[in-house]
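Asker: make a model of this:
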Amino acid sequence: MNRRLPVYLLIDCSESMIGGGIEAVRSGLATMLSKLRTDPHALDTVHLSVITFDAEARVQVPMTPLLDFQQPVLNIKPGTALGGALTLLADRIEAEVQKTSHTTKGDYRPLVLLLTDGQPNDNWKAALTRIGAQVRPRPANIYAIGCGVDVDYSVLQGITDVVLRMEDMGEESFGKLFVWLTASVSSASQGVSETTEGKIKLEKLPDNVEAVTTPAPSLENGPPRQVFLRARCSVKHFPYLMRYRFDPVFSCYQPVKAHRLSEEDAHATATGSLPDIRSDLLNGASACPWCERPGAGSCGNCGTIFCSDPYDSSETKCPGCGTILKREPRDNGGSGFTVRQSGG
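Answerer: Now for the predicted structure:
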């Protein structure tokens, strides 16, 4: 039996990946599988597993031969349990990777490819005793890829000494990333360097990806880089998700985009909800993706956030509980109200 090269894909499926990010990952993974299956070395040695993380970490596909691998369904949910994903990874490596014995050569050291685009909201440091950069000998070669502009690179540097940055999250950019990932896995399948560190030589980085080589400042003690609010269209009652990004110049959150949700997505919740946020920290709202109303309001009875027209003074029926709501004056001298956050 040939020595296996276990490859673990850890994929962030939190709300920050909604839209083009998760669509590009789905497409890139399909292309990666198709290309690897044309490589006889990869077919001989590569075994793949997919672990996703949102509020929880899940094994979507256990360690499976490349030929038998079925692409999993990747759904967006609130939460970013990076620590849970690393702990689960350590568990699966212990259970799935064959160790070298006196009579048998075990598997090659696993290759772990971590894709994330935000900040973890669980205790990620607890996993470092088993999987972190300071552990020797390391149980796996871990390559962390930060996607977008809101990544806490100090977290990734705490996990591994190979950290990469890809700020553009467009489909073409992700396409280049997955071409590189495919070539790197293919190259690794043809021979792993038998050094004391067991390093795998990866292919040359594409022009849209760069190595993060200097220590990154921690973002843990500052305000979250993004805020997400779940809302409903007051016309069609369909759910959607509003994304905000922190603006350090004005110390508030600026609206980025609103994304349609399915009813299944809308009922997904995160364990350990985030604290409410003051409405005066949110500078407006993105237009509703269902009816294009330009504003948003919140029901004081049930807390449902809904789209509204700031220039329409008529009463509104809450799409959550049905309460008839009267619009408050736009300038009532108050300091805002609390709004329920989603898990991020």
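Asker: report the secondary structure state of G300.
Answerer: With DSSP: H, G, I helix; E, B strand; the rest coil as the basis, G300 sits in coil.
Asker: please disregard the earlier target; I meant F228.
Answerer: Once three-state DSSP is applied, F228 turns out strand.
Asker: please name the nearest non-neighbouring residue to it.
Answerer: Of all residues not flanking F228 in the chain, S342 sits nearest, at 4.3 Å (Cβ to Cβ, 6 or more residues apart in numbering). C-betas here are computed from N, CA, C, even on glycine.
Asker: surely that neighbour and S16 touch.
Answerer: No. The criterion here is Cβ atoms under 8 Å, and S342 misses it with S16 at 10.5 Å.
Asker: ok, now how distant is the spatially closest residue to G344 that is not a sequence neighbour from G146?
Answerer: With sequence-adjacent residues excluded and distances taken as Cβ to Cβ, 6+ apart, G344 is closest to F228, at 5.2 Å. According to Cβ to Cβ, to the nearest Å, F228 and G146 sit 19 Å apart.
Asker: please say which of those two ends up with more neighbours.
Answerer: G146 (25 against 22; other Cβ atoms under 10 Å).
Asker: by contact count, what packs against the helix or strand harbouring that one?
Answerer: Secondary structure assigned from DSSP states H and E places G146 in strand 141-147. Contacting strand 141-147 under the criterion 3 or more Cβ pairs under 8 Å, 6 or more residues apart in numbering; DSSP states H and E are the following elements: strand 111-116, helix 153-159, strand 163-166.
Asker: now for those, which one comes closest to L282?
Answerer: Across those, L282 has its closest neighbour in strand 111-116 (24.7 Å, Cβ to Cβ).
Asker: check which helices and strands the closest one sits against.
Answerer: Here strand 111-116 touches strand 5-12, helix 82-96, strand 141-147, helix 153-159, helix 171-189, going by 3+ Cβ pairs under 8 Å, 6+ apart.
Asker: any idea of the angle the longest one forms with strand 111-116?
Answerer: I take that to be helix 171-189. With axes from the mean of the first three to the mean of the last three Cα atoms, to 10 degrees as the basis, helix 171-189 and strand 111-116 are set at 160 degrees to each other.
Asker: now swap in the first one and tell me
Answerer: Inter-element angle recorded for strand 5-12 and strand 111-116: 10 degrees (by the same axes, to 10 degrees).
Asker: list the strands paired with strand 5-12, with their directions.
Answerer: Here strand 5-12 is paired, per DSSP bridges, with strand 46-53 (parallel), strand 111-116 (parallel).
Asker: wait, which of these is closest to E210?
Answerer: Closest among these, using Cβ to Cβ: strand 111-116, at 15.5 Å.
Asker: before we move on, the earlier item: mind checking how far the strand holding G146 is from the chain centre?
Answerer: 12 Å (Cα atoms, centre = their mean, to the nearest Å).
Asker: picking that back up, show me what contacts the residue nearest to G344?
Answerer: Contact analysis of F228 by Cβ atoms under 8 Å, 6 or more residues apart in numbering lists E15, S16, P78, L241, M242, R243, Y244, Q341, S342, G343, G344.
Asker: ok, 10 Å please
Answerer: Neighbour list for F228: 14-16, 18, 78, 118, 241-244, 256, 259, 274, 341-344 [criterion: Cβ atoms under 10 Å, 6 or more residues apart in numbering].
Asker: beta-bridge partners for it, please?
Answerer: Applying DSSP bridges, one finds that F228 bridges with R243.
Asker: what's the separation between D265 and S187?
Answerer: 37 Å.
Asker: same deal with C299?
Answerer: Taking Cβ to Cβ, one finds C299 at 55 Å from S187.
Asker: how about L113?
Answerer: From L113 over to S187 the distance is 13 Å, taken as Cβ to Cβ.
Asker: shared neighbours, these two?
Answerer: Shared contacts of L113 and S187, counting by Cβ under 10 Å, 6+ apart, come down to L202.
Asker: the two: who's more crowded?
Answerer: A count of neighbours by other Cβ under 10 Å puts L113 above the other of L113 and S187, at 20 against 17.
Asker: now do the contacts for the more buried one.
Answerer: 7-11, 141-145, 164, 177, 181, 184-185, 202.
Asker: what's the ChimeraX syntax to select whichever of those are buried?
Answerer: Buried members of these can be picked out in ChimeraX with the line below, counting by 16 or more other Cβ atoms under 10 Å:
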select :7,8,9,10,11,141,142,143,144,145,164,177,181,184,185,202
